[in-house]
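Asker: 3D, please:
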Amino acid sequence: MGSCKEEEEKQSRCVCVHGPIIVGAGPSGLAASACLSEHGVPSLILERSDCIASLWQQRTYDRLKLHLPKQFCELPLYRFPEDFPKYPTKQQFISYMESYASHFSIHPRFKQQVQRAYFDPSCKLWKVQTQDFEYISRWLIVATGENAEPLIPEILGLERFRGRVVHTSVYKSGSDFRNQRVLVVGCGNSGMEVSLDLCRYNASPHIVVRNTVHVLPREMFGLSTFGVAMALLKWLPLRLVDKFLLLVANFTLGNTDHLGLRRPKTGPIELKNATGKTPVLDVGALSQIKSGKIKVMEGVREITRNGAKFLDGQEKEFHSIILATGYKSNVPSWLKSGDFFTQDGGMPKTPFPNGWKGGDGLYTVGFTRRGLLGTASDAVNIARDIAEQWRTSNDTNNICNTHVILRRKP
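Answerer: Purely as a prediction, here's the structure:
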């Protein structure tokens, strides 16, 4: 009797999906779903939070704007409104994604935290387990992206610090740090913009630069630096384009080495493609560094109760520490089949442009290290590939007869 009851309860928690399961309702998941719908293929998005684009809505600072012009940040099949500025704000980009979901009738299942996903070879189906249900489909699209979880580095003594320690994922505005001495760990775009924001509230930011970094002007000759680079790459070798970008950067920004911002030997685009490390597109922080309002510090040796000791021997006191140390993929924590993703970094082992397709119906979108342009490319390729299988095979009818069959627990 007990075994029958257990089997009945197990079946009551089963969700059969007639179409792909997409994990993640950020830009990547939305793009994949929209492209699939254009081919007549239904899909189901599982999202752990209570909204779409949760990273943008819940983990970004108030003054954030797109770093690239809007034409390089559009999702497939849907343009930005004409009245949006060249660099849309955080709220404008969120409204764009909400309109995108509405336009394509995308309705994710919210508050579904994927705990485990695996391929069952006995039935050749993917089984995705959340806290509520087990979802079953022939296809699984991983759309949780490169920035699923805050990356918190190990810093000696951090637990001893008596002041406030926050990651940029919870930083909203410099108003919370008014008149404070703040240590900003990390000199990427987030670290630079947070430091600039702190200056507006009379804080004294000290930014830690542990490694080399490329700083480029956001625009050159009135045009987007990124746009110029993309245009030149159509005609010139990558390394020649990199040399041109650095020549213009040195002309417009000056030599940044004496500011403590040493450039890598590898060019900015080549480095981005190889490692994913994005060059800093300056929106005003560099002038504050030149004026002394933002102090550049070498690597941290250790954190003390009241501040930090640095590699150059200096020791300073701080009220707060902000970790602008980026994000990481969380795929290895829940995807339990295959070896398509690396276990240490949670990224596809196959590099762009071929990292969007694994085996046994596994796909990935948004892991290209090329921003929303890479996301759009992945989504288009995935939809086309699944659509061909959808049209030529009737195997999906063996799963269920409708888009989603949901049996709730009694």
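
Asker: Could you use CA atoms for every contact and neighbour count after this?
Answerer: Will do.

Asker: residues of stretch 200-217 that come out buried?
Answerer: For stretch 200-217, the neighbour count (16 or more other CA atoms under 10 Å) marks 201-210, 213-217 as buried.

Asker: Does Arg301 fall in a helix, a strand, or a coil region?
Answerer: strand (DSSP: H, G, I helix; E, B strand; the rest coil).

Asker: my guess is it contacts Gly307, does it?
Answerer: No - with contact defined as CA atoms under 8 Å, Arg301 does not reach Gly307; the gap is 11.2 Å.

Asker: Compare the two (neighbour count), which wins?
Answerer: Legend: neighbour count by other CA atoms under 10 Å for Arg301 and Gly307, higher for Gly307 (23 against 17).

Asker: so what's Ile152 closest to, chain neighbours aside?
Answerer: Spatial nearest neighbour of Ile152, excluding adjacent residues (CA to CA, 6 or more residues apart in numbering): Thr325 at 6.7 Å.

Asker: Assumed the one you found was part of a helix.
Answerer: No - read with three-state DSSP, Thr325 is coil and lies in no helix.

Asker: Quick check: it vs Asn147, distance?
Answerer: Counting by CA to CA, to the nearest Å, the separation of Thr325 from Asn147 is 11 Å.

Asker: Which of those two has more residues huddled nearby?
Answerer: Thr325 (20 against 15).

Asker: Retrieve the pLDDT associated with the more buried one.
Answerer: If you check Thr325, the pLDDT there is 95.

Asker: Pull the contacting residues for it.
Answerer: Each residue near Thr325 by CA atoms under 8 Å, 6 or more residues apart in numbering is listed here: Pro150, Leu151, Ile152, Pro153, His167, Thr168, Val185, Gly186, Gly191.

Asker: got a markdown table for those, with secondary structure too?
Answerer: Formatted as a markdown table, the contacts of Thr325 follow (three-state DSSP):
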| residue | secondary structure |
| --- | --- |
| Pro150 | strand |
| Leu151 | coil |
| Ile152 | coil |
| Pro153 | coil |
| His167 | strand |
| Thr168 | coil |
| Val185 | strand |
| Gly186 | coil |
| Gly191 | helix |
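
Asker: How far does stretch 177-197 sit from its chain's centre?
Answerer: Relative to the centre of its chain, stretch 177-197 is centred 20 Å away, using CA atoms, centre = their mean, to the nearest Å.

Asker: quick one: contacts of it?
Answerer: 63, 168, 173-174, 198, 201-210, 213, 278-285, 288, 294, 317-326.

Asker: just checking, which of these belong to helices?
Answerer: If you go by DSSP state H, the contacts of stretch 177-197 have Leu198, Ala285, Gln288 in helices.

Asker: What about the second one, how many residues nearby?
Answerer: Here the count is done by other CA under 10 Å, and Ala285 has 21 residues near it.

Asker: Over to the last one?
Answerer: By the other CA under 10 Å criterion, the neighbourhood of Gln288 contains 14 residues.

Asker: Alright, calling it a day.
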